[in-house]
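> attaching a predicted model along with its sequence, questions to come.
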Amino acid sequence: MEGLIFDIKEMAVFDGPGIRTTVFLKGCPLRCQWCHNPEGISGDIELMVKSSACLNCGACVRVCPTDTDVARCSACGQCTSVCPLNLRRLVGQYYFPNELANLLLRQKEILAKNGGGVTFSGGEPLMQSTFLLETVALLENLHVAIETSGFASQKVFKKVVDRVNYVMMDIKMVDDVKHTYFCKGSNKIILENLKYLKKGETPFVIRVPLIPSVNDSDENFEATAKLLEGSQNLLKVELLPYQKTAGAKYAMLRRPYKIDFEENKEPYFNLEPFLRRGIEVSIL
Amino acid sequence: MKQHIVKLREFYVEKKEHHAYRQKGVDPFYLAKEFAKRGLDDVQRAHERLKWVLEQEKPLVFKDEKIALLRTVPTIPEIYTENEWDALKRSYRIHEQGKVSNICPGYATLINKGFDVVKDEIKTSIAQNRATKERAYLDTLLNTLTLLEEFGHRYRVAAVEAGNAVVAESFAQIPQKPPQTLLQALQFFRLLHYGLWASFNYHNTIGRFDQYMYPYYARDMADGTLDEESALELLQEFFITFNKDSDLYPGMQQGDNGQSLMLGGLNSDGSDAFNELSRLCMLASLELKLIDPKINLRVHKKTSMEVLELGSQMTKQGLGFPQYSNDEVVIKALKQWGYAQEDAYNYVVAACWEFIIPEVAMDIVNIDALSFLKAVLDALSALARCNTYAEFSEVVKNKLCQQTSEICANTNGIYMEKAPLMSLMMKGCVEQARDISLGSRYNNYGIHGTGLSSAADSLAAIKKYIFEEQSITKETLIAALKADFVGSETLYHKLRFEGPKMGNDDDYVDEIATELLDWFADSLEGNRNDRGGIFRAGTGSAMFYLWHGSALGASPDGRRRGEEFACNFSPALHTHLKGPISLIKSFSKANLTRVANGGPLTIELDDSMFRNTESTAKVALLVKSYMDLGGMQIQLNGVNREMMLDAQKNPDKYRNLIVRVWGWSGYFVELDKAYQDHIIKRSELDF
C-alpha cells in the first residue's frame, strides 16, 4: 500500500544517533496547539504558499480554478508550476514502500558507516503503520528509528516498536485533562504504550516539548520523571523548548495559528526530578 | 582565554588602537619616479623599495607583548612609474599586480639556519666565478639580509627603551642566529612575514606551520620552558599578529589576504603528521575567533574523529574554516601531474584552496578562469542544426576547448617584479643566483572553472526536454533565453525549478558534470606553458562567480541574465536541494584527480545544526563521509540567514560576524554588498 509523505530530510541531526535521514509521514490523530509541523496534520495533499516574497504578479490567480479562494482550494497544483519564485508547492507525495526504500538505500553506505540510519517521523508515523512496516522490511539492515506521539492502538504500537531499533516518544504532559484540552486527545493510551516501551528492549528517548505555562511546571516534571522511573532501556529525556517560529508555517497553509498559552514567555526548566532518579536529561 | 590575550585582542582587533601610530600614506609612485630617474634595474628597485620602507618604519614595542613588529607605514610604493607599467604590459603578460604572490615560502629554511649561516652560503655561491649580473643579484640577497638585521636591531633598541626584556632578548638572538625557543622562532617568522609584505609580495601563505615549528615546540616542552597552557597562550599571541596589519594587505576584499595555514597530513611512509602543535593551533583559533590565520586541515584515512570534531567546533563558531582537503585524492593528483613524491606529500594551499608545494613551486595557480556556462551558451547557435544530444554536446566540447586554448595562449611572457627576500626562502635561488620571479622547480599554471553546476543543469535540461522528451522545441528555448524568459513563465519555472539539478545525487545530470570536467582536463593535457610547466584544471571560482555570471545572458537551467554562479564547486543558487547526503554524493562522482588545481565543495549549513555537541559532531561525520566518497576539498559555513539580513541593516551590531566568502573568511560587514548577497542566497539553498 502507498504511504503519504510530506518531507524527507537528510542529515536530521536531532532525530537519533549518527547521520540520519528522516521521513515525515503525513497525518496525525492529535491536534496539539503548538504543532510546528502543521503540514503533517492532515492526511491529504495540501497547498503550501510562502507568501513573504510574493511579487503579486498574478500568475497563480490566472490559472486558479477557484480564484484562489482558500476555502475551495482542492490542491490541484496548477498554480505551483507558474510561480516565478516557486513559492507555491503541494505538500504530500504518495510512495510505494519499494520506491521509498530504494530512495533511502541509495544513502545506505553513508548512513550505515556513521552509526546512523533512517528515522520515521510525522505527523504520526504509526497512523500509516502498514506502509511503515512494509518499507522497513525492505531497508535491509539499516538502523531504523521512529519519532512518535505514542497515540496509537497497543497492537500497532507493539508491532512497530518491536521491529525498530530506536524510539523517540513524546510525553507531553501527565495531567490528562490538560492533555485532552491542548492536544485534542487523551493521554491514557500514550501512557499505556509507555508501559510497554519500558518493559521492552528497544532503546528509547522521551521528549517533552516545553510549552510555557502549559506543561513547564514542577508538578509535570515530577510526574513525568516518576513515570519513567526504573526503565532499563530509557536512554535519556530531552526537553524541547517551544520555538516561537512554530506559527510561521500556519500562514503558509493559510490556516490560523490559534493558541491559548503565552508564547512569549520563556519556558521554565526543572531538571532535578530527572537527575534525582538517575535519568539523563538535556535541553535541546 | 588568558587575560593577556583578551587584552591584546581588544587592543589590536576590536579597538584597533595601534592604528593611531600609523604614518600618513604617500604617493605610491613617489619612489618609482626617482628610480626611473636614477635608471635602476629591477633588482635594485626591489631592494631599494624594501630599504625605503624599513627606513620609514618607526619601531614600536609595547610593554606587555612577547611578539613585536607592527606596520606603521601604510603605503608600500610601486617600483615602476605608470608609464613604465604601461610599457611592461605591452611587452609582457602581467598577472594581477605583477608581483610574486600566492606561493608558499620556506620560512623555516631561514629560521632554522639564522642569517649568519645563510650569508655564508651566499658568499660561497658568489665565490663560484659568477657573471656580473649574477654577482650583483647575490650581493642584493646579502644586502637584503642586512636590511632585516638592521631592522631587527632597531627593534631591539626600541624594546629596551620600552622596558620589554622579552622582545629585546629575542632580537639579541635572531635573525643572525637560529632561535633558541619557540617564542624566538615565532618572532623570527613575524620578521620574515613582515619583510615579505614590505617587499610588496602578497598572499604570503604560512604553509605547514605545525611541521616546521614542531621541533621548537617539542624542545620547549621537553625542557619545561613551555607547558600546554603557556604554549597555547603564545600561539594565540602569535595568531593575533596576523590581524595587526592585514587591513593594509592587498586583496579583492578585506579578508582576502592569503594567510592560510595548513595542518596535519599524511607522511610518505603512511604515518599521520598531525601532532600536538597541530591540535594547539586549532584550539588557539577556536578560542580567538579571528579570520586570520585561515586554518586548513589535511584529512586522510588516519585522521581521527576527534580532530574532525574539533574542526566542526570551529565551523560552529562561524569561522568558515577549517577548510578540509583529502590527501588521498590530492597527493595522487599531484603525482599524476608530475610532482615528485616528496613534494606531493608536502602540499599546502595557496591563498584560497589551490594546491601548491612550499619552497619549490612558482606555480601561478589562478592565472585565468574557464566559464563552463559560456561554453554552453556559445554552442546554442548550433542547436538548431543538431539532431541528437551527442551532436550538441560535441559542439559544447569544442567551444570549451576553444576557450581553454585561448586562455593558455594568453599566458605567454609572464613578468613579475623581482623578489629578493622571497627568493631567499625558495630552494635553489641562492645556488643558481636566480630570482624566484623567473621560476622554480614547478612552474605550472592553474585555471579555475566556474559555473559548472549551471552548465551541467543547462545541458541536462536540453538533453531531457529537447532531445528526449521533446517537450520543448529548440526555437521556443532560444526565443525564451533571448527574452530572458519574459513571457515564458511556465517554461522558466520548469527549467529553473523542475529540471534535473546537480547536487541532488541525480546521475543524469551528475554524469554531464563529470563529462564537462573531463573535457576541461583533456583540453589542457599535454599543453605546456612557456616556462615549461603544465596547465592544471580546477573547480575553484574565486570572484569569477560574480564576474562570469554578470557577463552572460539567460541559460537553459532557468538562470536569468546576469545572475551569478555558485561559489566554487557547488550547486546552482536556485537549486532545491534534497540535503547534505545527496549533495556530497553528487560532488564526489567526477574524476577529481584530473581537476585538482583546487576548488572546494562549498556548503552553507544553518547554525541550528550546531546546537549541541552531539549535532556538531555529526557535521564532522559529514566531512568524513565526503572524504570517504572520494571528495577532494570541502569548506563549510555555519550561517544564520536572519542574522546576515539584520547585519546588512545594522552593521554596527555585527562587527564580529565572520563568513566564508570564496576561499577565505572575512568579516561580513566589511564585504561589498554583492558578496554579502551571494552568501545570503547560498544560505537559502535550504536542505
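Cool, the structure landed. Bear in mind that the values here come from a model prediction, so they are computed numbers and not experimental data.
> pull the number of nearby residues for the residue in the stretch 1-150 of chain A that chain B sits nearest to.
The nearest approach of the stretch 1-150 of chain A to chain B comes at residue A:10, 2.5 Å away (Cβ to the nearest Cβ). In this view, the C-beta of every residue, glycine as well, is placed from N, C-alpha and C. For residue A:10, the tally of surrounding residues (other Cβ atoms under 10 Å in any protein chain shown) stands at 22.
> again with residue B:302
Residue B:302: 15 neighbours (other Cβ under 10 Å).
> tell me the SS of it?
Using DSSP: H, G, I helix; E, B strand; the rest coil, the structure places residue B:302 in coil.
> could you measure from it over to residue B:342?
19 Å (Cβ to Cβ, to the nearest Å).
> please apply the same query to residue A:199.
Applying Cβ to Cβ to residue A:199 and residue B:342 gives a distance of 63 Å.
> just residue A:67 next, same as before
74 Å.
> same question for residue B:371.
36 Å.
> more crowded one of these two?
residue B:371 (26 against 10).
> domain-wise, how is chain A divided?
Split into domains by automatic domain parsing, chain A comes to A:3-26+A:96-243+A:264-283, A:46-90.
> now tabulate the ones you listed in a markdown table and tack on mean pLDDT.
Shown next, in a markdown table, are the domains of chain A (pLDDT from 0 to 100):
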| stretch | mean pLDDT |
| --- | --- |
| domain A:3-26+A:96-243+A:264-283 | 96 |
| domain A:46-90 | 89 |
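> so which of those is the most surrounded?
Sort the domains of chain A by mean neighbour count, taking mean count of other Cβ atoms under 10 Å in any protein chain shown, and domain A:3-26+A:96-243+A:264-283 sits at the top with a mean of 19.
> and that domain, end to end?
Taking Cα to Cα, to the nearest Å, domain A:3-26+A:96-243+A:264-283 runs 33 Å from one end to the other.
> so how far is that domain from its chain's centroid?
8 Å (Cα atoms, centre = their mean, to the nearest Å).
> also stretch B:167-175?
32 Å.
> go through that stretch and flag the buried ones.
B:167, B:168, B:169, B:170, B:171, B:173, B:174, B:175 (16 or more other Cβ atoms under 10 Å in any protein chain shown).
> let's see which of those end up in strands.
Using DSSP state E, the subset of the buried residues of stretch B:167-175 located in strands is empty.
> when you check chain A, which of the residues you listed turn up near it?
Contacts with chain A are made by none of these, judged by Cβ under 8 Å from any Cβ of the partner chain.
> pick the one among those residues closest to residue B:423.
residue B:175 (16.2 Å; Cβ to Cβ).
> roughly how far apart are the closest residue to that closest one other than its chain neighbours and residue B:109?
Leaving aside its sequence neighbours, residue B:175 sits nearest to residue B:115 (Cβ to Cβ, 6 or more residues apart in numbering or on different chains; 4.8 Å). Distance from residue B:115 to residue B:109, counting by Cβ to Cβ: 11 Å.
> name the residue in those two with the higher neighbour count.
Ranked by neighbour count (other Cβ under 10 Å), residue B:115 and residue B:109 place residue B:115 first, with 23 against 18.
> next, give phi and psi for the residue in chain B that chain A sits nearest to.
Minimum separation of chain B from chain A (Cβ to the nearest Cβ) falls at residue B:579, amounting to 2.5 Å. When read as degrees, to the nearest 10, the backbone of residue B:579 gives phi 160, psi 180.
> that one: what's its closest spatial neighbour, skipping adjacent residues?
Closest to residue B:579 by Cβ to Cβ, 6+ apart is residue A:10, at 2.5 Å.
> what sits against the one you found?
A:21, A:107, B:578, B:579, B:580, B:581, B:582, B:687 (Cβ atoms under 8 Å, 6 or more residues apart in numbering or on different chains).
> so what pLDDT did the fourth one get?
Pointing back at residue B:579 there. Per-residue pLDDT puts residue B:579 at 94.
> does chain B have contacts with the helix or strand encompassing residue A:101?
According to DSSP states H and E, residue A:101 maps onto helix A:97-105. No: Helix A:97-105 stays clear of chain B (Cβ under 8 Å from any Cβ), getting no nearer than 9.4 Å.
> in TSV: the domains of chain A, plus distance to residue B:179.
Output for these, formatted as TSV (distance: least, Cβ to Cβ, whole Å):
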stretch	distance to residue B:179
domain A:3-26+A:96-243+A:264-283	44
domain A:46-90	58
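> what residues does the stretch 101-250 of chain A put near chain B?
Near chain B, when you scan the stretch 101-250 of chain A using Cβ under 8 Å from any Cβ, you find A:106, A:107, A:110, A:111, A:113, A:114, A:116.
> out of these, which are inside helices?
A:110, A:111, A:113 (DSSP state H).
> which two among the residues of the stretch 101-250 of chain A next to chain B are spaced furthest apart?
Checking these with Cβ to Cβ, the most distant pair is A:106 and A:114, at 15.2 Å.
> quick one: residue B:471 and residue B:465 touch, right?
Yes: applying Cβ atoms under 8 Å as the test, residue B:471 and residue B:465 come out as touching, 5.1 Å apart.
> of those two, which one has the most company?
Neighbours per residue, other Cβ under 10 Å: of residue B:471 and residue B:465, the larger number sits with residue B:465, 22 against 11.
> confidence score at that one?
98.
> find the nearest non-adjacent residue to it, please.
residue B:472 (4.2 Å).
> quick one: contacts for that neighbour?
Contacts of residue B:472 (Cβ under 8 Å, 6+ apart): B:465, B:466, B:491, B:494.
> the second one: neighbour count?
Neighbour count of residue B:466, defined by other Cβ under 10 Å: 20.
> make sure it is actually in contact with residue B:474.
Yes: the pair residue B:466 / residue B:474 is scored as a contact, 6.0 Å apart, by Cβ under 8 Å.
> can you list residues touching both of the two?
Common neighbours of residue B:466 and residue B:474 (Cβ under 8 Å, 6+ apart) are residue B:383.
> how about the stretch 151-284 of chain A: which residue is closest to chain B?
For the stretch 151-284 of chain A, Cβ to the nearest Cβ, closest residue to chain B: residue A:284, 6.9 Å.
> quick check, pLDDT for that residue.
87.
> correct me, but it touches residue A:168?
No: with contacts counted by Cβ under 8 Å, residue A:284 stays clear of residue A:168, the gap being 11.0 Å.
> shared neighbours, these two?
residue A:207.
> before we move on, back to that, ok, now how distant is the residue of chain B closest to chain A from residue B:618?
For residue B:579, the distance to residue B:618 - Cβ to Cβ - is 13 Å.
> who's more crowded, those two?
The neighbour count for residue B:579 versus residue B:618, taken as other Cβ under 10 Å, is higher for residue B:618 (25 against 20).
> contacts only, for that one.
A:11, A:13, A:18, A:19, A:114, B:609.
> go on, residue A:228?
A:171, A:198, A:206, A:234, A:237, A:274, A:277, A:279.
> one more time with 7 Å
A:206, A:234, A:237, A:279 (Cβ atoms under 7 Å, 6 or more residues apart in numbering or on different chains).
> just those residues: which are in strands?
A:206, A:234, A:237.
> interface residues of chain B facing chain A?
B:489-490, B:492-494, B:497, B:505, B:578-582, B:609, B:611, B:615, B:618, B:621-622, B:625, B:628, B:687 (Cβ under 7 Å from any Cβ of the partner chain).
> so which of these sit within helices?
B:489-490, B:492-493, B:580-582, B:615, B:618, B:621-622, B:625, B:628.
> phi and psi next, for the residue nearest to the spatial centre of chain A.
Centrality entry for chain A: nearest residue to the mean C-alpha point is residue A:122, 3.7 Å, by Cα atoms, centre = their mean. The phi/psi pair for residue A:122 (degrees, to the nearest 10) reads phi -160, psi -150.
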